[in-house]
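K.L.:
Just to be clear, the model below is a prediction. Sequence and coordinates:
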Amino acid sequence: MGLVIFMVMGVYLLISLGVVAGAVVYAQKHGKRAWLWALAAAFVMYNLVFWDWIPTVVAHRYYCEKEAGFWVYKTLEQWKAENPGVMETLPAQSKTGSPTKYEQFDDEYGETTTFLLNERFNWVVTQQDTFRLLPIIRMEQQVKDVKKNNVLARYVDFGTGNSVKNKVGPPGPLKFWLRNGHCNGGDRNSSLMWQFTEQFYGSKK
């Protein structure tokens, strides 16, 4: 797949060079500014494919700085202190096969998967397209105390290069230069969220 993509890009580059050269020849024949026509042709050929690159990078950086991060509102020890003896009564679910609930929203541009860790705790994972035109996905995870409807921890991140609704459509893998799975530090925050969530699966019987 990677080889095919690079071959396509190579062909497009050759076509672009041909278009620019053609614009220069046309301009020279008609007494126009060749450099201006060459620049205009290059600009058009660039934007046919790369029009969303700079806006995506700028918007991704903005949302990462504004919203992304990992927050713990209540540790397991604090929760146990407020609910003595309860954790020991919660049977552990399988970490790979815990019951789930899946929902779509925002005309399928958003989806929420709720992992039912046990009768007291849920792990809620939400993904949503931030824009319709730019391939930016907002990801949020929460560990929730279902009984008290409290959020114990939250993780927010942004990825680029694909769409929640159009998983196999453009830009998809073709525009590989747009792919960025996390904000800066997002890998670490994702790991911290997973470590936090593991504590709330329940007690092994």
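P.N.:
That came in fine, so what should we check first? Numbering: from 1, shown residues only.

K.L.:
Longest helix in the protein, by number of residues?
P.N.:
The longest helix of the chain (DSSP state H) is helix 2-29.

K.L.:
Would you mind listing the buried residues in that helix?
P.N.:
Neighbour-count burial for helix 2-29 flags Ser16, Val19, Val20, Ala23, Val24, Ala27 (criterion: 16 or more other C-beta atoms under 10 Å). Any C-beta I mention is one placed from the backbone N, CA and C, and that applies to glycine too.

K.L.:
could those be laid out in a markdown table, adding pLDDT?
P.N.:
Formatted as a markdown table, these follow (pLDDT from 0 to 100):
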| residue | pLDDT |
| --- | --- |
| Ser16 | 88 |
| Val19 | 89 |
| Val20 | 88 |
| Ala23 | 88 |
| Val24 | 87 |
| Ala27 | 88 |
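
K.L.:
Max pairwise distance over the residues you listed: which two?
P.N.:
By the measure C-beta to C-beta, Ser16 and Ala27 form the most distant pair in the buried residues of helix 2-29, at 16.6 Å.

K.L.:
wouldn't Tyr155 be in contact with Leu192 here?
P.N.:
Yes. Assessed by C-beta atoms under 8 Å, Tyr155 is found in contact with Leu192 at 7.4 Å.

K.L.:
overlap in contacts of these two?
P.N.:
Common neighbours of Tyr155 and Leu192, using C-beta atoms under 8 Å, 6 or more residues apart in numbering, are Phe70.

K.L.:
Could you pull out the buried residues of stretch 118-125?
P.N.:
For stretch 118-125, a neighbour-count test (16+ other C-beta under 10 Å) marks Asn118, Arg120, Phe121, Asn122, Trp123, Val124, Val125 as buried.

K.L.:
which one of those is nearest Trp53?
P.N.:
Distances from Trp53 to those, taken by C-beta to C-beta, are shortest for Val125, at 28.2 Å.

K.L.:
Who does the helix or strand harbouring the closest one pair with, and is each partner parallel or antiparallel?
P.N.:
Val125 belongs to strand 121-129 when assigned by DSSP states H and E. Paired with strand 121-129 in the same sheet, following DSSP bridges, are strand 110-116 (antiparallel), strand 136-145 (antiparallel).

K.L.:
All set now, cheers.
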